[in-house]
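Asks: Have a look at this prediction, sequence included:
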Amino acid sequence: METIVFLDRGTVTVPFRKPQIAHEWVDYERTAPEETVERLRGATIAVTNKVKFREAELSALPPLKFIAVTATGYDNVDVVACRTHKILVSNVPGYARQSVPEHIMMLILALRRNLPAYQKAVRDGRWQISPQPTVNDIPIEDLHGTTLGLIGYGSLAKELERLARAFGMRILIAERKGVAALRPGRVLFQDVLRRSDVISLHTPLNSETRNLIGAAELALMKLTALLINTARGGLVDEAALVAALREGRLGGAGVDVLSQEPPRQGNPLLDIHLPNLIMTPHIAWTSRQAQEILAEEVVKNIEAFAAGKPRNLVL
(Lines give C-alpha, C1' and ligand atoms only; values in the text may rest on other atoms or scores of the structure.)
Protein backbone atom coordinates (compact mmCIF):
# COMPACT_ATOMS: atom_id res chain seq x y z
CA MET A 1 0.00 0.00 0.00
CA GLU A 2 1.22 3.48 -0.86
CA THR A 3 1.37 6.21 1.76
CA ILE A 4 0.70 9.54 0.03
CA VAL A 5 1.33 12.88 1.75
CA PHE A 6 0.26 16.15 0.16
CA LEU A 7 2.44 18.76 1.84
CA ASP A 8 0.76 21.95 0.59
CA ARG A 9 -2.83 21.07 -0.26
CA GLY A 10 -3.87 24.69 0.16
CA THR A 11 -2.15 25.65 -3.11
CA VAL A 12 -4.86 23.91 -5.14
CA THR A 13 -8.49 24.83 -4.52
CA VAL A 14 -10.31 22.05 -6.42
CA PRO A 15 -10.97 18.47 -5.22
CA PHE A 16 -8.66 15.55 -6.03
CA ARG A 17 -10.26 12.20 -6.73
CA LYS A 18 -8.99 9.18 -4.83
CA PRO A 19 -6.33 7.19 -6.71
CA GLN A 20 -7.52 3.76 -7.76
CA ILE A 21 -4.78 1.99 -5.85
CA ALA A 22 -4.41 0.76 -2.28
CA HIS A 23 -3.30 3.84 -0.41
CA GLU A 24 -3.47 6.10 2.60
CA TRP A 25 -3.65 9.83 1.76
CA VAL A 26 -2.78 12.59 4.24
CA ASP A 27 -3.27 16.32 3.51
CA TYR A 28 -1.47 19.26 5.09
CA GLU A 29 -2.69 22.75 4.21
CA ARG A 30 0.90 24.03 4.18
CA THR A 31 4.28 22.77 5.33
CA ALA A 32 7.18 24.78 6.68
CA PRO A 33 10.71 23.68 5.67
CA GLU A 34 11.45 22.31 9.14
CA GLU A 35 8.27 20.19 9.04
CA THR A 36 8.93 18.40 5.73
CA VAL A 37 10.94 15.42 6.97
CA GLU A 38 8.72 14.68 9.97
CA ARG A 39 5.53 14.79 7.90
CA LEU A 40 6.99 12.48 5.26
CA ARG A 41 8.35 9.82 7.62
CA GLY A 42 7.14 6.48 6.25
CA ALA A 43 5.62 8.07 3.12
CA THR A 44 6.31 6.47 -0.25
CA ILE A 45 4.78 9.29 -2.32
CA ALA A 46 5.03 13.04 -1.71
CA VAL A 47 2.70 15.47 -3.44
CA THR A 48 3.80 19.09 -3.51
CA ASN A 49 3.48 22.36 -5.32
CA LYS A 50 6.30 24.46 -3.86
CA VAL A 51 7.80 22.65 -0.85
CA LYS A 52 11.53 22.30 -1.42
CA PHE A 53 13.25 18.94 -1.70
CA ARG A 54 17.02 19.13 -1.35
CA GLU A 55 19.66 16.59 -0.38
CA ALA A 56 19.07 17.12 3.34
CA GLU A 57 15.40 16.18 3.10
CA LEU A 58 15.84 13.37 0.58
CA SER A 59 18.62 11.61 2.51
CA ALA A 60 16.40 11.56 5.62
CA LEU A 61 13.50 9.85 3.81
CA PRO A 62 14.58 6.37 2.64
CA PRO A 63 10.99 5.08 2.06
CA LEU A 64 10.23 7.92 -0.38
CA LYS A 65 10.10 6.68 -3.97
CA PHE A 66 8.07 9.25 -5.89
CA ILE A 67 7.46 13.00 -5.84
CA ALA A 68 4.37 14.23 -7.71
CA VAL A 69 4.76 17.94 -8.41
CA THR A 70 1.44 19.75 -8.79
CA ALA A 71 2.88 22.15 -11.35
CA THR A 72 4.82 22.27 -14.58
CA GLY A 73 7.90 23.89 -13.05
CA TYR A 74 9.91 21.76 -10.64
CA ASP A 75 12.82 23.99 -9.61
CA ASN A 76 11.86 23.35 -5.96
CA VAL A 77 13.08 19.76 -6.37
CA ASP A 78 16.77 18.82 -6.60
CA VAL A 79 16.41 16.32 -9.42
CA VAL A 80 20.09 15.34 -9.31
CA ALA A 81 19.79 14.38 -5.65
CA CYS A 82 16.56 12.52 -6.45
CA ARG A 83 18.41 10.49 -9.06
CA THR A 84 21.05 9.58 -6.46
CA HIS A 85 18.35 8.39 -4.05
CA LYS A 86 16.40 6.60 -6.81
CA ILE A 87 13.36 8.82 -6.34
CA LEU A 88 11.26 9.48 -9.43
CA VAL A 89 9.75 12.92 -10.03
CA SER A 90 6.79 13.79 -12.24
CA ASN A 91 5.26 17.12 -13.18
CA VAL A 92 2.12 18.16 -15.08
CA PRO A 93 3.00 19.80 -18.39
CA GLY A 94 0.47 21.83 -20.32
CA TYR A 95 -2.41 21.85 -17.83
CA ALA A 96 -2.64 25.67 -17.90
CA ARG A 97 -2.50 25.91 -21.69
CA GLN A 98 -5.47 28.29 -21.70
CA SER A 99 -5.22 29.88 -18.25
CA VAL A 100 -1.70 31.30 -18.46
CA PRO A 101 -1.87 32.68 -22.03
CA GLU A 102 -5.22 34.33 -21.27
CA HIS A 103 -3.69 35.93 -18.17
CA ILE A 104 -0.77 37.17 -20.26
CA MET A 105 -3.11 38.70 -22.83
CA MET A 106 -4.97 40.41 -20.00
CA LEU A 107 -1.72 41.96 -18.74
CA ILE A 108 -0.67 43.04 -22.22
CA LEU A 109 -4.02 44.63 -23.01
CA ALA A 110 -4.25 46.38 -19.65
CA LEU A 111 -0.77 47.86 -20.07
CA ARG A 112 -1.13 48.85 -23.71
CA ARG A 113 -4.44 50.57 -22.98
CA ASN A 114 -3.27 52.05 -19.66
CA LEU A 115 -6.12 50.45 -17.74
CA PRO A 116 -4.65 51.04 -14.23
CA ALA A 117 -4.18 54.76 -14.93
CA TYR A 118 -7.74 55.15 -16.18
CA GLN A 119 -9.12 53.21 -13.21
CA LYS A 120 -7.26 55.67 -10.98
CA ALA A 121 -8.68 58.61 -12.94
CA VAL A 122 -12.21 57.41 -12.11
CA ARG A 123 -11.39 56.65 -8.47
CA ASP A 124 -9.80 60.08 -8.06
CA GLY A 125 -12.90 61.79 -9.44
CA ARG A 126 -11.28 63.21 -12.55
CA TRP A 127 -14.03 61.91 -14.84
CA GLN A 128 -16.73 63.32 -12.62
CA ILE A 129 -15.39 66.88 -12.97
CA SER A 130 -14.19 66.64 -16.57
CA PRO A 131 -15.45 69.37 -18.91
CA GLN A 132 -15.59 66.70 -21.65
CA PRO A 133 -17.49 63.40 -21.86
CA THR A 134 -14.19 61.51 -21.67
CA VAL A 135 -10.86 61.64 -19.87
CA ASN A 136 -8.37 60.70 -22.55
CA ASP A 137 -5.13 62.42 -21.60
CA ILE A 138 -3.23 59.15 -21.06
CA PRO A 139 -1.97 57.39 -24.22
CA ILE A 140 -3.77 54.25 -25.38
CA GLU A 141 -2.11 51.96 -27.90
CA ASP A 142 -3.57 49.16 -30.05
CA LEU A 143 -2.02 45.70 -30.26
CA HIS A 144 -2.69 45.23 -33.97
CA GLY A 145 0.52 45.49 -35.96
CA THR A 146 2.83 45.22 -32.95
CA THR A 147 5.43 42.50 -32.36
CA LEU A 148 5.40 39.88 -29.63
CA GLY A 149 8.71 38.27 -28.74
CA LEU A 150 8.55 34.81 -27.18
CA ILE A 151 11.47 33.66 -25.04
CA GLY A 152 10.83 29.97 -24.62
CA TYR A 153 8.50 28.14 -27.00
CA GLY A 154 6.63 25.40 -25.18
CA SER A 155 2.91 24.74 -25.10
CA LEU A 156 2.05 27.95 -23.23
CA ALA A 157 4.03 30.14 -25.61
CA LYS A 158 2.44 28.44 -28.61
CA GLU A 159 -1.05 29.09 -27.27
CA LEU A 160 -0.10 32.70 -26.54
CA GLU A 161 1.14 32.96 -30.13
CA ARG A 162 -2.27 31.79 -31.37
CA LEU A 163 -4.09 34.39 -29.26
CA ALA A 164 -1.68 37.16 -30.23
CA ARG A 165 -2.05 36.43 -33.95
CA ALA A 166 -5.82 36.81 -33.51
CA PHE A 167 -5.11 40.38 -32.37
CA GLY A 168 -3.01 41.00 -35.46
CA MET A 169 0.36 40.79 -33.72
CA ARG A 170 3.55 39.64 -35.40
CA ILE A 171 5.56 36.93 -33.63
CA LEU A 172 9.29 36.51 -33.07
CA ILE A 173 10.60 33.32 -31.42
CA ALA A 174 13.93 33.75 -29.66
CA GLU A 175 16.85 31.41 -30.00
CA ARG A 176 18.55 30.51 -26.73
CA LYS A 177 20.62 33.28 -25.24
CA GLY A 178 24.22 33.23 -26.42
CA VAL A 179 23.53 30.78 -29.27
CA ALA A 180 24.56 32.01 -32.72
CA ALA A 181 23.38 29.00 -34.77
CA LEU A 182 19.70 29.57 -35.42
CA ARG A 183 17.13 26.82 -35.53
CA PRO A 184 14.49 27.16 -38.24
CA GLY A 185 11.98 29.87 -37.36
CA ARG A 186 14.13 31.32 -34.58
CA VAL A 187 15.61 34.80 -34.23
CA LEU A 188 18.74 35.80 -32.32
CA PHE A 189 17.94 36.44 -28.66
CA GLN A 190 19.24 40.00 -28.68
CA ASP A 191 17.38 40.81 -31.92
CA VAL A 192 14.11 39.68 -30.38
CA LEU A 193 14.74 42.05 -27.49
CA ARG A 194 15.46 44.93 -29.86
CA ARG A 195 12.56 44.38 -32.24
CA SER A 196 9.68 43.40 -29.96
CA ASP A 197 6.96 45.63 -28.55
CA VAL A 198 6.13 42.95 -25.98
CA ILE A 199 8.44 40.30 -24.53
CA SER A 200 6.89 37.28 -22.79
CA LEU A 201 9.02 34.80 -20.83
CA HIS A 202 8.32 31.06 -20.99
CA THR A 203 11.51 29.31 -19.88
CA PRO A 204 12.13 27.15 -16.82
CA LEU A 205 14.34 28.51 -14.04
CA ASN A 206 17.74 26.89 -13.83
CA SER A 207 21.40 27.87 -13.62
CA GLU A 208 21.41 28.95 -17.27
CA THR A 209 18.26 31.07 -17.15
CA ARG A 210 18.59 32.76 -13.76
CA ASN A 211 18.64 36.54 -14.35
CA LEU A 212 18.07 35.89 -18.04
CA ILE A 213 16.75 39.43 -18.28
CA GLY A 214 19.05 41.89 -16.53
CA ALA A 215 20.18 45.48 -17.01
CA ALA A 216 21.97 44.73 -20.29
CA GLU A 217 18.96 42.97 -21.78
CA LEU A 218 16.53 45.67 -20.63
CA ALA A 219 18.77 48.27 -22.26
CA LEU A 220 18.30 46.52 -25.61
CA MET A 221 14.51 46.77 -25.45
CA LYS A 222 12.46 49.60 -26.90
CA LEU A 223 11.64 52.42 -24.52
CA THR A 224 7.95 51.64 -25.14
CA ALA A 225 8.25 47.84 -24.83
CA LEU A 226 6.45 45.69 -22.26
CA LEU A 227 8.02 42.83 -20.31
CA ILE A 228 5.67 40.04 -19.19
CA ASN A 229 6.83 37.38 -16.74
CA THR A 230 4.43 34.62 -15.71
CA ALA A 231 7.11 31.90 -15.67
CA ARG A 232 9.52 32.22 -12.70
CA GLY A 233 10.59 35.32 -10.81
CA GLY A 234 14.28 34.43 -10.90
CA LEU A 235 14.35 34.86 -14.67
CA VAL A 236 14.44 38.64 -14.19
CA ASP A 237 16.87 40.81 -12.25
CA GLU A 238 14.17 42.55 -10.25
CA ALA A 239 16.34 45.48 -9.14
CA ALA A 240 17.27 46.15 -12.78
CA LEU A 241 13.60 46.02 -13.78
CA VAL A 242 12.69 48.51 -11.04
CA ALA A 243 15.43 50.87 -12.23
CA ALA A 244 14.26 50.65 -15.86
CA LEU A 245 10.66 51.40 -14.89
CA ARG A 246 11.55 54.27 -12.56
CA GLU A 247 13.84 55.87 -15.12
CA GLY A 248 11.36 55.56 -17.97
CA ARG A 249 13.53 53.16 -19.96
CA LEU A 250 10.74 50.59 -20.34
CA GLY A 251 7.12 50.98 -21.36
CA GLY A 252 5.79 48.74 -18.64
CA ALA A 253 5.84 45.32 -17.01
CA GLY A 254 3.31 42.63 -16.11
CA VAL A 255 4.59 40.36 -13.34
CA ASP A 256 2.89 37.29 -11.88
CA VAL A 257 5.97 35.77 -10.21
CA LEU A 258 8.73 36.92 -7.87
CA SER A 259 12.12 35.51 -6.93
CA GLN A 260 10.82 34.64 -3.45
CA GLU A 261 7.19 33.61 -2.92
CA PRO A 262 5.42 34.66 -0.86
CA PRO A 263 7.55 37.83 -0.59
CA ARG A 264 7.55 37.98 3.21
CA GLN A 265 10.92 39.73 3.25
CA GLY A 266 9.76 42.29 0.70
CA ASN A 267 10.80 42.76 -2.91
CA PRO A 268 11.98 45.80 -4.91
CA LEU A 269 8.96 45.52 -7.20
CA LEU A 270 6.60 45.84 -4.22
CA ASP A 271 8.15 49.17 -3.27
CA ILE A 272 7.22 51.04 -6.43
CA HIS A 273 3.71 52.10 -7.36
CA LEU A 274 3.58 52.93 -11.04
CA PRO A 275 0.60 52.72 -13.42
CA ASN A 276 2.75 50.83 -15.94
CA LEU A 277 3.54 48.00 -13.51
CA ILE A 278 0.85 45.38 -12.94
CA MET A 279 1.54 42.64 -10.39
CA THR A 280 -0.58 39.60 -9.62
CA PRO A 281 0.18 37.02 -6.86
CA HIS A 282 1.21 33.99 -8.98
CA ILE A 283 -2.32 33.27 -10.20
CA ALA A 284 -1.91 32.96 -13.97
CA TRP A 285 -2.26 29.17 -13.67
CA THR A 286 -5.21 29.12 -11.28
CA SER A 287 -8.34 29.17 -13.41
CA ARG A 288 -10.83 26.58 -12.19
CA GLN A 289 -10.55 24.66 -15.43
CA ALA A 290 -6.75 24.55 -15.26
CA GLN A 291 -6.78 23.36 -11.65
CA GLU A 292 -9.24 20.60 -12.48
CA ILE A 293 -6.94 19.35 -15.23
CA LEU A 294 -3.98 19.61 -12.86
CA ALA A 295 -5.69 17.60 -10.11
CA GLU A 296 -6.68 14.81 -12.51
CA GLU A 297 -3.22 14.61 -14.05
CA VAL A 298 -1.50 14.44 -10.65
CA VAL A 299 -3.68 11.47 -9.66
CA LYS A 300 -2.96 9.79 -13.01
CA ASN A 301 0.76 10.31 -12.39
CA ILE A 302 0.44 8.59 -9.01
CA GLU A 303 -1.57 5.70 -10.45
CA ALA A 304 0.94 5.24 -13.27
CA PHE A 305 3.84 5.17 -10.82
CA ALA A 306 2.08 2.60 -8.63
CA ALA A 307 1.44 0.45 -11.73
CA GLY A 308 5.14 0.50 -12.63
CA LYS A 309 4.53 2.66 -15.70
CA PRO A 310 5.50 6.17 -14.56
CA ARG A 311 4.54 9.09 -16.79
CA ASN A 312 5.53 12.76 -17.10
CA LEU A 313 8.90 12.04 -15.54
CA VAL A 314 11.34 14.92 -15.28
CA LEU A 315 14.28 12.56 -14.68
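Replies: Looks like it came in fine.

Asks: only C-alpha atoms for contact and neighbour calcs from this point on.
Replies: OK.

Asks: Look up how far residue 75 lies from the residue most central in space within the chain.
Replies: For the chain, residue 231 is the residue whose C-alpha lies nearest the centre (CA atoms, centre = their mean; 2.7 Å). Going from residue 231 to residue 75 by CA to CA, to the nearest Å gives 11 Å.

Asks: overlap in contacts of those two?
Replies: residue 204 (CA atoms under 8 Å, 6 or more residues apart in numbering).

Asks: all strands for the chain, in order.
Replies: Secondary structure of the chain (DSSP state E): strands at 2-6, 23-27, 45-48, 66-69, 88-90, 147-151, 170-173, 198-201, 226-229, 252-255, 277-279.

Asks: Now for residue 5, how many residues are close by?
Replies: Using other CA atoms under 10 Å, residue 5 has 23 neighbouring residues.

Asks: could you measure it against residue 21, distance?
Replies: 15 Å.

Asks: What of residue 313?
Replies: 20 Å.

Asks: One more: residue 312?
Replies: 19 Å.

Asks: So for those two, which sits in the more crowded spot?
Replies: A side-by-side neighbour count of residue 312 and residue 21, using other CA under 10 Å, places residue 312 first with 18 against 13.

Asks: Without its sequence neighbours, what residue ends up closest to that one?
Replies: residue 90 (5.1 Å; CA to CA, 6 or more residues apart in numbering).

Asks: hey, what's the one you found bridged with?
Replies: residue 68, residue 313 (DSSP bridges).

Asks: roughly how far apart are it and residue 20?
Replies: 18 Å.

Asks: so what's residue 14 up against?
Replies: 288, 291-292, 295.

Asks: Could you rank these by neighbour count and give me the top one?
Replies: Highest count within the contacts of residue 14 by other CA under 10 Å belongs to residue 291, 23 neighbours.

Asks: Quick one: the helices in the stretch 201-315 of the chain, in order.
Replies: 215-220, 238-246, 288-306 (DSSP state H, counting those that start in this stretch).

Asks: What is the longest one packed up against?
Replies: Packed against helix 288-306 by the contact rule (3 or more CA pairs under 8 Å, 6 or more residues apart in numbering; DSSP states H and E) you find strand 66-69.

Asks: And the strand it packs on, how far out from the chain middle?
Replies: 19 Å (CA atoms, centre = their mean, to the nearest Å).

Asks: just checking, what packs against it?
Replies: Against strand 66-69 (3+ CA pairs under 8 Å, 6+ apart) you get strand 45-48, strand 88-90, helix 288-306.

Asks: If you count neighbours, what's buried in the second one?
Replies: Under the neighbour-count criterion of 16 or more other CA atoms under 10 Å, strand 88-90 has 88-90 buried.

Asks: ok, now the longest one?
Replies: Residues 290-292, 294-306 are the ones in helix 288-306 that count as buried (16+ other CA under 10 Å).

Asks: pLDDT averaged over stretch 1-17 - what is it?
Replies: For stretch 1-17, the mean pLDDT works out to 97.

Asks: what's the span of that stretch, first residue to last?
Replies: For stretch 1-17, the end-to-end distance is 17 Å (CA to CA).

Asks: Kindly reformat the contacts of residue 14 as TSV containing pLDDT.
Replies: What follows is the contacts of residue 14, written out as TSV (pLDDT from 0 to 100):
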residue	pLDDT
288	97
291	98
292	98
295	98
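
Asks: which one among the residues you listed gets closest to residue 131?
Replies: Residue 131 lies nearest to residue 288 out of the contacts of residue 14, by CA to CA, at 43.6 Å.

Asks: so who does the closest one touch?
Replies: Residue 288 neighbours (CA under 8 Å, 6+ apart): residue 14.

Asks: Would you mind measuring from it to residue 13?
Replies: 8 Å.

Asks: tell me the domain ranges of the protein?
Replies: For the chain, automatic domain parsing gives the domain ranges 2-95+289-306, 99-279.

Asks: What are the boundaries of the helices in the stretch 1-150 of the chain?
Replies: 36-40, 55-59, 79-84, 99-112, 115-123.

Asks: closest one to residue 183 among those?
Replies: It is, among the helices of the stretch 1-150 of the chain and with distance given as CA to CA, helix 99-112, at 24.0 Å.

Asks: Outside of the closest one itself, which residues are in contact with it?
Replies: 116, 140-143, 156-157, 159-160, 163-164, 198, 226, 228, 230, 252-254, 276-278, 284-287, 289-290.

Asks: One more: stretch 121-134?
Replies: residue 135.

Asks: quick thing: my sequence starts at 50, can you match it?
Replies: New numbering, starting at 50: the last item is stretch 170-183.

Asks: so how far is the first residue of that stretch from its last?
Replies: 11 Å.
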